[in-house]
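J.: Take this sequence and fold it.
(one chain, ligands or ions: 2)
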Amino acid sequence: MVAVMSIWLITLVLAASLTSSPAVEPQQEKAHHTREGFRNPWPGFQRHGFLDFLKWQWQRLRGRSPQKPKTYDMKWVENDGRALKGHRQSLVITWVGHATAVVQIDGHTILTDPIWSERCSPVSWAGPKRYVPPFPRLEDLPPIDAVVISHNHYDHLDRDTIRKLGNGPIYFVALGVKRWLRRWGIREENIVELDWWQRHELNGLTFVCVPSQHFSGRSLNDTNRDLWCGWAILGPTRRVYFAGDTGYFPEFVEIGRRFGPFDVALLPIGAYLPRWFMRPVHMNTAEAAQAFLDVGARYFLAIHWGTFDLADEPLDAPPRALMRAADSLGIEREQLVVMMHGETRVFSEKPARAKED
Ligand code: ZN
Ligand code: ZN
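T.: Ligands and ions are numbered 1, 2, ... in the order given. Coordinates of the predicted model:
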């Protein structure tokens, strides 16, 4: 365990020395822009630094963190992707794993935070490894129209997957993230880089970059240089909210007020322990259930769990905790969509929001 962690830290340091690049020019008038990068502007937000990360790792080594199973009885669907091709439904979502979903909305196919790699890490030989294989396989997917990226962490922005996707899709990213895609061969005209609350229309779909409470960094020297965000995807008949990776914060209500109600909200439910370290940047299930009520959506689709072991709770614990949290807030069980990896769900009910007038 010690060896694994020290390898991991050395890896981060190595990555730091390899990946420095120019910062994005900040716009001082915005509360989340600073000279050094970006910040979470909400009162009460507590930023944890690298020393806190080391403190957490130290507690883990000392056995102060809860014991977890070594293996999990996780079930998944070996989805061959055939059902995703040429469907006529207005909203179909397939959960590949972690924050990766195939969102088919009003005739478009969109990927969220695509990662098909074996590990979410700067290197292929170390770092968190997936517990469940990704289905459908990348090569079995229908043509991808757009990719939305929430932030630059390795479990959300994966170089090898982006390289494989190449210049087919249009990529939607928050400020600063474009530089990574350009480095990996994505053309300028295939990238739309937005600040919070900015929007872009693509073939009748509107993509809105919405705030999240998180942080960014792919090495030790680029913390918060790039912005983090969620995405509201607004079609002529359907609306989806993809929260990315976020702590609980006041802006969920505003996102719902401006763009809701949503047909489906994809909300993260994993990587919440220990609370003292994770609370600012990762919701627990009670907070995720509250966020679901705040944004206003018909269905809660659970993401960011069961795939990479990133925190102290057992990998399969979040769904059970979510059920309890939802019960106590009066959310109906039918509203919770906790899928198996690789599973496809057709949302055939009437749209959550009446047609725009
Ligand atoms: Zn993250
Ligand atoms: Zn994450």
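J.: Just give me the neighbour total for Q89.
T.: Per other CB atoms under 10 Å, the neighbour tally for Q89 reads 13. Yep, even glycine has a C-beta here, placed from its N, CA and C like the rest.
J.: C209 now?
T.: For C209, the count of nearby residues is 25 (other CB under 10 Å).
J.: now do the one 5 residues further on
T.: Burial of H214, expressed as a neighbour count using other CB under 10 Å, amounts to 26.
J.: That one: what's its closest spatial neighbour, skipping adjacent residues?
T.: Taking CB to CB, 6 or more residues apart in numbering, and ignoring the residues beside it in sequence, H214 has W228 as its nearest neighbour in space, at 4.2 Å.
J.: if I look at F277, how far off is ligand 1?
T.: As judged by CB to the ion, to the nearest Å, F277 and ligand 1 stand 13 Å apart.
J.: How is that residue assigned, secondary-structure-wise?
T.: When states are read from DSSP: H, G, I helix; E, B strand; the rest coil, the local structure at F277 comes out as helix.
J.: dump the residue contacts of it.
T.: By CB atoms under 8 Å, 6 or more residues apart in numbering, F277 lies in contact with H48, D52, F53, K55, W56.
J.: now swap in A302 and tell me
T.: Taking CB under 8 Å, 6+ apart, we find A302 in contact with L267, I269, A288, P318, P319, L322, L336, V337, V338, M339.
J.: Ok, V102 next?
T.: Listed by CB under 8 Å, 6+ apart, the contact set of V102 reads L84, I93, T94, V96, T109, I110, L111, P136, L141.
J.: Please convert the contacts of A302 to a markdown table, extending it with secondary structure and distance to P41.
T.: Below are those laid out as a markdown table (DSSP: H, G, I helix; E, B strand; the rest coil; distance: CB to CB, whole Å):
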| residue | secondary structure | distance to P41 |
| --- | --- | --- |
| L267 | strand | 21 |
| I269 | coil | 25 |
| A288 | helix | 22 |
| P318 | helix | 28 |
| P319 | helix | 32 |
| L322 | helix | 28 |
| L336 | strand | 31 |
| V337 | strand | 32 |
| V338 | coil | 32 |
| M339 | coil | 34 |
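J.: Let me know the closest of those to A146.
T.: The shortest approach to A146 among the contacts of A302 belongs to L267, at 20.3 Å (CB to CB).
J.: Report how many residues lie close to that closest one.
T.: L267 sits with 27 neighbouring residues when counted by other CB under 10 Å.
J.: So it sits against A288, correct?
T.: Yes. With the criterion set as CB atoms under 8 Å, L267 and A288 qualify as a contacting pair; they are 4.9 Å apart.
J.: shared neighbours, these two?
T.: By CB under 8 Å, 6+ apart, the residues touching both L267 and A288 are F300, A302.
J.: Skipping its backbone neighbours, what lies nearest the one residue sitting closest to the centre of the chain in space?
T.: With the centre of the chain defined as its mean C-alpha position, the nearest residue by CA atoms, centre = their mean is G244, 2.9 Å away. With CB to CB, 6+ apart as the measure, S150 is the residue that lies nearest to G244, at 2.6 Å, once sequence neighbours are left out.
J.: repeat for V96
T.: Sequence neighbours aside, P134 is the residue nearest to V96 in space, at 5.0 Å (criterion: CB to CB, 6+ apart).
J.: And the pLDDT at that neighbour?
T.: What the model reports as pLDDT for P134 is 98.
J.: One more: R298?
T.: Checking the pLDDT column for R298, the value is 97.
J.: my read: it touches F262, true?
T.: Yes. Here R298 lies in contact with F262, judged by CB under 8 Å, at a distance of 7.3 Å.
J.: With neighbour numbers in mind, choose between those two.
T.: Counted by other CB under 10 Å, R298 and F262 do not tie: F262 has more neighbours, with 25 against 20.
J.: Point out the residues in the chain that sit beside ligand 2.
T.: Taking CB under 5 Å from the ion as the contact definition, the chain meets ligand 2 at D155, D245.
J.: where does the chain dip in pLDDT?
T.: By pLDDT under 70, the weakly predicted segments of the chain are 1-29, 354-357.
J.: who touches the nearest residue to S65 once chain neighbours are set aside in this structure?
T.: Leaving aside its chain neighbours, S65 sits nearest to D312 (4.6 Å; criterion: CB to CB, 6+ apart). Under the criterion of CB under 8 Å, 6+ apart, the contact partners of D312 comprise R60, S65, P66, K68, L273, P274.
J.: part of a strand, is the third one?
T.: No. Residue state for P66 (three-state DSSP) corresponds to coil; a strand is not indicated.
J.: separation between the nearest residue to it once chain neighbours are set aside and G63?
T.: On the basis of CB to CB, 6+ apart, the spatially nearest residue to P66 that is not a chain neighbour turns out to be D312, at 5.8 Å. Using CB to CB, to the nearest Å, one gets 12 Å for the distance from D312 to G63.
J.: Run through the bridge partners of the closest residue to A101 other than its chain neighbours.
T.: Counting by CB to CB, 6+ apart, A101 lies nearest to T112, which is 4.8 Å off, once chain neighbours are set aside. Beta-bridge partners for T112, by DSSP bridges, are A101, V148.
J.: who in the stretch 151-300 of the chain is up against ligand 1?
T.: Residues of the stretch 151-300 of the chain found near ligand 1, taking CB under 5 Å from the ion as the criterion, are H153, D245.
J.: Fine, thanks again, bye for now.
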